[in-house]
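Engineer: Take a look and give me a structure for this.
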Amino acid sequence: DFMYIIATVGPSTKEKRVIKEIIKSGANVLRLNFSHGNYEEFLEIIKIAKETDENIHILQDLSGRKIRVSSKLIYVLKVYNKEKVLFCGEDIYKKEGQNGAFNSNKVIPLNLNNEFLINNNIEEITMKDNTMKFKILDKNSSGILAEAIKGGIVRAEKGCNIKGFKRDGLGLSLKDKKDLKWAIENKVDIISASFVEKKEDIFDLKKYIKSFNFKPIIWAKIETPKGIKNIKEILEVADGIIIGRGDLIPESSISYVPIYEDRIIKLAKGKDIIIATHILNSMKEGKEANLSEVEGIFNHLKNGVNGFLLAGETSIGKVPISTVDFLNSLISEYRSMKIF
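Structural biologist: Numbers count the residues shown, from 1 in each chain. Predicted coordinates:
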């Protein structure tokens, strides 16, 4: 049985030497996160990877319908606790001028159309793995007025999580189409669609790829309660599932995530099941893995998972090579014991 050991490439792993070492340490898939990075960098990474091991798989992770601070935000904003801010759509931000303040509030544009934003039933907005939290105070034609319960630094393209946000009507974005075209030209092995909530999301993706006569592996990344709810129909059309725990926690609640994982694993027998993010967070900080992380890996293997995706551990972590090496040796050790 093939076991996917997926390493995300980022600032900590861009160097040629590091890419070679993480492959030698056991990574058999390199994840290119299309929410960050550019085509030039990605091409260089693929070239180095294929030189190191021609059988290495390349995974394209599309941005999908992830809500982010707009790339049009020209400042870095420091938001203090209890400070009021205005979240608005990119279109309004461009129209009203990028002066960073209308009605004297700090303005945070999101990568959405303003109408779509204000017509959504939004309870709260969080950023940076729940370390920044905003309570909704009011809604008007300019956007959503919120108060920072926990403030912090807001930069362009920072990911946001909005509980209860309805993504219906957000099809394949222009950015995703452009990125897909690039992936097809460069013969990427696996394509993962982010924030998949229904089978149509995978249909749209397949239809677009099919027009280029290209057949990669297609994984659906499940990151919202709605995706969990429709998991059976998604499984009918996807080759596998990535359980994106990094976003699933703020989009639902940490206590529900193990229940969701259990449900997906039971239903997805015979398909690829990849556990993503929070695999070895301790090692991201350069510390040793802790018991609950090792226990998590053991239990997932026991339950039939066939892949793990390292995100921040390798993209921005302090010891990316050791992390891959440790995960690989752990998997090898458990599988050689023939206890599953």
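
Engineer: Downstream of the helix or strand bottoming out on mean pLDDT in the chain, the next helix or strand is which one?
Structural biologist: Taking mean pLDDT, DSSP states H and E as the measure, the chain has strand 101-102 as its least confident helix or strand, at a mean of 51. For strand 101-102, the following helix or strand on the C-terminal side (DSSP states H and E) is strand 105-110.

Engineer: how about the helices in the stretch 201-340 of the chain?
Structural biologist: With DSSP state H, counting those that start in this stretch as the definition, the stretch 201-340 of the chain shows helices at residue ranges 225-229, 231-237, 245-251, 257-267, 281-284, 291-302, 312-315, 320-336.

Engineer: Comparing those, which stretch has the densest surroundings?
Structural biologist: Here the criterion is mean neighbour count by mean count of other C-beta atoms under 10 Å, and of these the winner is helix 312-315, at a mean of 25. Every C-beta, even on glycine, is put in place using the N, C-alpha and C of the backbone.

Engineer: Please work out the average pLDDT along that helix.
Structural biologist: Here the mean pLDDT over helix 312-315 is 96, rounded to a whole number.

Engineer: One more: stretch 141-155?
Structural biologist: What stretch 141-155 shows for mean pLDDT is 94.

Engineer: ok, and what's touching that stretch?
Structural biologist: For stretch 141-155, contacts defined as C-beta atoms under 8 Å, 6 or more residues apart in numbering pick out 69, 73, 76-89, 92, 96, 102-103, 105, 107-108, 114, 117-118, 122, 125, 127-128, 131-139.

Engineer: ok, now stretch 223-241?
Structural biologist: Against stretch 223-241 from outside (C-beta under 8 Å, 6+ apart): 167, 194-199, 201-203, 206, 217-222, 244, 246-248, 251-252, 256, 260, 263-264, 267-268, 271-274, 307.

Engineer: close enough to count as contact, Leu117 and Glu90?
Structural biologist: No. Proximity of Leu117 to Glu90 does not meet the contact threshold set by C-beta atoms under 8 Å, at 9.5 Å.

Engineer: Mutual contacts of these two, please.
Structural biologist: Taking C-beta under 8 Å, 6+ apart as the criterion, Leu117 and Glu90 both touch Leu110.

Engineer: So which of these two has more stuff around it?
Structural biologist: Leu117 (23 against 19; other C-beta atoms under 10 Å).

Engineer: Model confidence for that one, exactly?
Structural biologist: 89.

Engineer: Now do the same contact list for it.
Structural biologist: Applying C-beta under 8 Å, 6+ apart, we find Leu117 in contact with Phe87, Cys88, Gly89, Leu110, Gly143, Ile144.

Engineer: 10 Å - rerun?
Structural biologist: By C-beta atoms under 10 Å, 6 or more residues apart in numbering, the residues touching Leu117 are 67, 87-92, 109-110, 139, 143-144, 162, 165.
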